[in-house]
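>>> show me the folded form of this:
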Amino acid sequence: MADDRSREGTETAVAEFHKKIKEAFEVFDHESNNTVDVEEEEPTGYIRFEKFLPVMTEVLLERRYRPIPEDILLRAFEVLDPAKHGFLSKEELIKYMTEEGEPFSQEEMEEMLSAAIDPESNSVHYKDYITMMVIDEN
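Residues are numbered from 1 along each chain as shown. Next up is the predicted model:
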C-alpha cells in the first residue's frame, strides 16, 4: 500500500517534470519540429525532444541541480519593480537584461521574451512567469 502511494507520487512527479520540460523545450524549438539547435553540444547541430526528455527527467528526479526557490525569484523581480506593479514592461525587461550584470545576447533575449512576454499587455507578469519556470519539488 505504501509502495503504491510512493509509486503514484513518483509517477505524478514524472508527469509534472515531463510537462515542464516540454514547455521549456518548446520555447527554443523555433521551427516547431521537436528539435533545438545546439551546435556546440551535438555533432548533428540539434537535439531531438525524444533524446532530451529522458535525460532531463533523470537529472530532475536525481535532483542533481537545485532550482532557485520561487520566493527568491520573486524577490529578484520585485527589486526591478520598486512600485510593486506585479509586471515589467518589455522595454524595462530588455533594459535590465541587456545593460545590467551579465548581459543577455540578442538571441537569449529573444528566447526569453518569447516565453515571458504577455502579447496582450506587452509586459511580463512575473508571478505567472515564475510559476511557469518553477518545478514543484513536493
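>>> for residue 24, give its distance to residue 92.
With distances defined as C-beta to C-beta, to the nearest Å, the gap from residue 24 to residue 92 amounts to 24 Å. Backbone N, C-alpha and C define where each C-beta goes, glycine included.
>>> contact partners for residue 116?
In this structure, residue 116 makes contact with 93, 124, 129, judged by C-beta atoms under 8 Å, 6 or more residues apart in numbering.
>>> switch the cut-off to 10 Å
For residue 116, the contacting residues are 27, 88, 90, 93, 97, 123-126, 128-130, 132-133, taking C-beta atoms under 10 Å, 6 or more residues apart in numbering as the criterion.
>>> with secondary structure, neighbour count and pLDDT added, can I get those in TSV?
Below are these laid out as TSV (DSSP: H, G, I helix; E, B strand; the rest coil; neighbours: other C-beta atoms under 10 Å; pLDDT from 0 to 100):
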residue	secondary structure	neighbour count	pLDDT
27	helix	14	77
88	strand	22	95
90	helix	16	93
93	helix	23	90
97	helix	20	88
123	strand	19	95
124	strand	25	94
125	coil	17	94
126	helix	22	91
128	helix	13	89
129	helix	20	87
130	helix	19	87
132	helix	13	79
133	helix	17	75
